[in-house]
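Visitor: model the following, please.
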Amino acid sequence: MQRQLPLLTPIRGIAALIVTYFHARLILFPQWRDSIAQSTHFLENGYLWVDIFFILSGFVMTYVYQSTFATGSSFKKWRGFMWLRFSRIYPLFFVTLAALFIWEYYKSIHQIGFYAGPLFDAWGATGIPPFTGPFNRTETLVPNLFLVNGILSQPLSWNIAGWSLSIEWLCYLVFPLLMSVLLRPAKSNAWLPVLIMLVLSGMVSMHGTLDITSTLNAFVRGICGFTLGMWLSRISFGPRMKSWVNHDGLLIALIIALISVLQFSISYAVTMTTYVLFALLVLVAANQQNRSSLLLGLLDNKVTQFLGDISYSIYLWHSVLLLAGVEVIHHINPDWTAWWYAQTSVATVLTGIFIFTTALILVSTLSYYLFERPLMKWMRAMGGRRIRPEVSKA
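Guide: Below is the predicted model of the structure:
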């Protein structure tokens with residue numbers, strides 16, 4: 001029986017919240033964006049936490065399915081695997097996409113233009129008619145439905161977090177092929193992380209950032225993290241190394257290093273260093289074993305586990321609440337949004353962020369129990385006869 005990887009679940013929840021605040025700084029509290037950036041660039045670098053999702057995904061998929069594909073791939077195995085992954089990611093994505101479409105349709109009937117606060121107003125986006133942008137464009141609806149929106153020329157569309165789901169789906173498509181190479185011990189493929197870092201280095205040098213959310217470049221970004229996670233999953237430590245890795249000191253050092261690096265403005269060095277630290281954090285966190293530890297108690301408990309459990313709902317609903325939520329409030333009473341964006345008090349802004357976070361967690365919790373889990377179980381039951389037992393693990 002495979003041992004559990006409990007620390008990876010809280011990491012997923014924390015990453016989902018950081019990505020949420022990365023987007024919220026543009027819509028929810030843009031009046032504080034510059035002030036925050038003058039003190040720390042942690043939020044400005046928040047887009048990088050999407051990459052830890054790719055690394056985590058590759059790691060967990062390999063950990064769970066390595067025995068399934070150990071005897072080789074077949075169409076039946078691939079089909080069963082893809083149905084399991086489809087039933088995991090698509091239903092909730094479709095629900096959030098439908099919610100955005102319904103709101104956009106309502107806007108079209110009542111002639112409500114786009115609104116996302118003063119920053120988007122300064123960018124000339126306020127008042128754009130429904131179904132014409134900047135995100136909810138008619139021509140991008142079908143690509144979203146088929147999960148190929150991540151490789152379109154338009155960077156973000158409809159559920160703005162959905163681009164990474166599209167890339168994740170494409171990674172799943174090639175996962176069985178990658179497994180044929182990565183089933184060997186990690187040291188046999190020592191060239192792979194070097195190649196991955198060289199590719200990422202080239203992308204960051206060319207674009208000045210890794211915040212790439214469109215075209216085939218987005219797929220390259222995602223498959224690099226996904227494949228790196230797969231390779232990390234194949235690393236096996238000896239007894240002496242295990243005792244060294246399974247220690248609070250190393251975890252604390254990685255967390256401090258990661259937080260410290262993310263304080264600096266976006267640069268090649270910050271991006272690449274953060275990526276390496278993400279990989280090390282996933283590897284070390286996955287190899288923690290049960291022991292008496294205050295740090296593990298803080299990182300891995302009922303609250304953080306639950307946050308990780310609902311992280312997918314958090315990730316998909318946060319953009320819906322930010323974009324559609326602000327438009328709904330502005331439509332009901334523009335004076336409310338005008339008042340909010342005029343607030344510069346730290347206490348007021350923090351209160352607003354707390355209310356938003358509470359609402360997001362509440363919506364995500366309801367979504368997890370009413371949509372995410374039931375729909376996944378229903379789809380898996382519906383396709384159960386076509387799924388071989390050895391691929392029905394996750």
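
Visitor: mind listing what's buried in the least confident helix or strand in the chain by mean pLDDT?
Guide: In the chain, the helix or strand scored least confidently by mean pLDDT, DSSP states H and E is helix 239-245, which has a mean of 81. Within helix 239-245, the residues scored as buried using 16 or more other Cβ atoms under 10 Å are V245. In short, each C-beta sits where N, CA and C put it, glycine included.

Visitor: one more: stretch 302-322?
Guide: Within stretch 302-322, the residues scored as buried using 16+ other Cβ under 10 Å are 304, 306-322.

Visitor: tell me which of these fall in helices.
Guide: Residues of the buried residues of stretch 302-322 located in helices (DSSP state H): 304, 306-309, 311-322.

Visitor: what packs against the very next helix or strand once past the least confident helix or strand of the chain?
Guide: Per DSSP states H and E, the first helix or strand lying C-terminal to helix 239-245 is helix 248-261. For helix 248-261, the elements it packs on are helix 268-286, helix 294-299, judged by 3 or more Cβ pairs under 8 Å, 6 or more residues apart in numbering; DSSP states H and E.

Visitor: which of these has the highest mean neighbour count?
Guide: Greatest average neighbour count among the helices and strands packed on helix 248-261 goes to helix 268-286 (a mean of 20), per mean count of other Cβ atoms under 10 Å.

Visitor: tell me the mean pLDDT over it?
Guide: For helix 268-286, the mean pLDDT works out to 95.

Visitor: contacts for it?
Guide: Residues external to helix 268-286 that are found in contact with it (Cβ atoms under 8 Å, 6 or more residues apart in numbering): 5, 7-8, 11, 45, 48, 51-52, 55-56, 59, 63, 193, 197, 200-201, 204-205, 208-210, 228-229, 232-233, 235, 245, 250-251, 254-255, 257-258, 261-262, 264.

Visitor: stretch 323-334 now?
Guide: Residues contacting stretch 323-334 (Cβ under 8 Å, 6+ apart): 27-28, 99-100, 103, 107, 112, 114-117, 135, 160, 336-337.

Visitor: returning to that earlier point: any chance of the helices and strands packed on helix 248-261 in JSON lines with distance to M379 as columns?
Guide: JSON lines is the format used below for the helices and strands packed on helix 248-261 (distance: least, Cβ to Cβ, whole Å):
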{"stretch": "helix 268-286", "distance to M379": "28"}
{"stretch": "helix 294-299", "distance to M379": "32"}
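
Visitor: among these, which is nearest T348?
Guide: Closest to T348 of those is helix 294-299 (Cβ to Cβ; 29.4 Å).

Visitor: flag the shaky bits of this protein, pLDDT-wise.
Guide: Residues of the chain meeting the criterion pLDDT under 70: 1-4, 384-394.

Visitor: grab the most central residue of it for me.
Guide: In the chain, the centroid-proximal residue (Cα atoms, centre = their mean) is V50; its distance is 4.4 Å.

Visitor: that one reaches I18, doesn't it?
Guide: No: counting by Cβ atoms under 8 Å, V50 stays clear of I18, with 9.5 Å between them.

Visitor: ok, back up a step: are any of the contacts of helix 268-286 buried, and which?
Guide: For the contacts of helix 268-286, buried by 16+ other Cβ under 10 Å: 5, 7-8, 11, 45, 48, 51-52, 55-56, 59, 63, 193, 197, 200, 204, 210, 228-229, 232-233, 245, 250-251, 254-255, 257-258, 261-262, 264.

Visitor: narrow those to those in helices?
Guide: Judged by DSSP H, the buried ones among the contacts of helix 268-286 include 8, 11, 51-52, 55-56, 59, 63, 193, 197, 200, 204, 228-229, 232-233, 245, 250-251, 254-255, 257-258, 261 as members of helices.

Visitor: what about I266, which helix or strand?
Guide: Secondary structure from DSSP H and E places I266 outside every helix and strand.

Visitor: can you check N217 too?
Guide: Assigned by DSSP H and E, N217 belongs to helix 215-233.

Visitor: buried sites along that helix?
Guide: 218-219, 221-233.

Visitor: list just the nearest of these to G72.
Guide: The closest of those, once distances to G72 are taken by Cβ to Cβ, is M230, at 16.9 Å.

Visitor: surely the closest one meets S57?
Guide: No: counting by Cβ under 8 Å, M230 stays clear of S57, with 9.2 Å between them.

Visitor: list the contacts for the residue nearest to the centre of the chain?
Guide: Contacts of V50 by Cβ under 8 Å, 6+ apart are A15, V19, S164.

Visitor: ok, and the closest non-adjacent residue to the second one?
Guide: The reference is to V19. Closest residue to V19 apart from its sequence neighbours, by Cβ to Cβ, 6 or more residues apart in numbering: W49 at 5.2 Å.
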